[in-house]
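Colleague: Give me a 3D structure for the following:
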Amino acid sequence: MPEVDEYIAVGRRKTSVARVRMLTGSGAIIVNKKPVEEYFTREVLKTDLRRPLEISKMLGNFDIKVNVNGGGPTGQAGAIRHGISRALLEVDPELRATLKAAGFLKRDPRMKERKKYGQKGARARFQFSKR
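Modeller: Purely as a prediction, here's the structure:
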């Protein structure tokens, strides 16, 4: 049975969850069955999710297929970056120090604070009127 070089990892940020599959290939990145250029319109997000590959010098080595759901574009891009970083560790465990120094292995714990009762939002209050 031929061995297929496939690396699978999960990345998370805010409420987004990205399931990343990396296969040896030409460097194509597909997000939810669309090319990354079509899925993300902002250039910042596209460069952000490619950063782990640039740092590890493996930019054109893998075809990446991603299923991502939940959250908005920024959270999804962050989740994909986290997933790619974790998958790169499966490829080469020696990249841990490099990726960790860049902060790509840490799951960003910041979440939206819940709205409180008797208030307009999490921190914002209703306008106070003395009279």
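
Colleague: wait, Ile8 sits on Leu89?
Modeller: No: if you go by CB atoms under 8 Å, Ile8 and Leu89 don't touch, sitting 11.8 Å apart. (C-beta placed from N, C-alpha, C; glycine too.)

Colleague: Among these two, which residue is more densely surrounded?
Modeller: More crowded of Ile8 and Leu89, by other CB atoms under 10 Å: Leu89, with 19 against 13.

Colleague: Pretty sure the more buried one sits against Ala97.
Modeller: No: counting by CB under 8 Å, Ala97 is not a contact partner of Leu89; they are 10.8 Å apart.

Colleague: what's around the closest residue in space to Arg110 that isn't next to it in sequence, how many residues?
Modeller: Distances taken as CB to CB, 6 or more residues apart in numbering put Lys14 closest to Arg110, at 7.1 Å, once the chain neighbours are dropped. Residues lying near Lys14 (other CB under 10 Å) number 18.

Colleague: Check the spacing between Lys14 and Ile80 real quick.
Modeller: For Lys14, the distance to Ile80 (CB to CB, to the nearest Å) stands at 12 Å.
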